[in-house]
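Undergrad: sequence-free structure coming up:
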């Protein structure tokens, strides 16, 4: 993605705008390189060709790693079970299993949520008891996994809302339970 954005930025300097998306960029660059009328200098064409080759090389490496993750996620029983949860694919199940393990290090689900840094904020309860609210410190799990997890949750909520005629958030936990 970073290299793709860099290529897009360089092309925009010449007035060539390529929409976002890796597949769009993958299709657009050969067409841009073939077009002799677009005003690109010879040096820039060489630079663009090198960047494109590097982009394809990274793409091939990612495909290999993705295949390794998929194979290893199917070999592990816990990760196979995690993949039965809507939104949990091989990458998310692998990351979750690596972070949480078998869960024996946690007493309850809320402890897992706290470890992942996804506990709800505490508003009134702490103030009533005279305790100053302190936001949780940075989660031991880095933000990429949290990002995956939140995307999974939002996708489930989106799917549930699409099935609902009401279109509001009320009763979300019941609708998530029904969706599972």
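TA: The structure has been received and is ready for your questions. Keep in mind the model is a prediction, meaning the values are calculated, not measured.
Undergrad: shaky segments in this structure?
TA: 117-150, 152-180 (pLDDT under 70).
Undergrad: where do the helices of this structure begin and end?
TA: Remark: helices assigned in the chain by DSSP state H are 2-13, 22-34, 42-75, 77-82, 90-100, 109-116, 124-128, 143-163, 172-179.
Undergrad: and the fourth one, what other elements does it pack with?
TA: Secondary-structure packing of helix 77-82 (3 or more C-beta pairs under 8 Å, 6 or more residues apart in numbering; DSSP states H and E): helix 42-75, helix 90-100. Using the backbone N, CA and C atoms, a C-beta is placed for each residue, glycine as well.
Undergrad: if we can go back for a sec, out of the helices of the chain, which one sits most buried?
TA: Of the helices of the chain, the one with the most neighbours on average (mean count of other C-beta atoms under 10 Å) is helix 90-100, at a mean of 19.
Undergrad: closest one to residue 106 among the helices and strands packed on helix 77-82?
TA: helix 90-100 (7.5 Å; C-beta to C-beta).
Undergrad: and the angle for the closest one with helix 109-116?
TA: Using axes from the mean of the first three to the mean of the last three C-alpha atoms, to 10 degrees, the inter-axis angle of helix 90-100 relative to helix 109-116 is 100 degrees.
Undergrad: what helices or strands is helix 90-100 leaning on?
TA: helix 42-75, helix 77-82, helix 109-116, helix 143-163.
Undergrad: who touches stretch 61-74?
TA: Identification of contacts with stretch 61-74 by C-beta atoms under 8 Å, 6 or more residues apart in numbering yields 79-80, 83, 90-91, 93-94.
Undergrad: which pair in those residues spans the largest distance?
TA: 80 and 91 (13.9 Å).
Undergrad: residues contacting the closest residue to residue 93 other than its chain neighbours?
TA: With C-beta to C-beta, 6 or more residues apart in numbering as the criterion, residue 93 has its nearest non-adjacent residue at 3.6 Å, and that residue is residue 82. Residue 82 is in contact with 88, 92-93, 96-97, counting by C-beta under 8 Å, 6+ apart.
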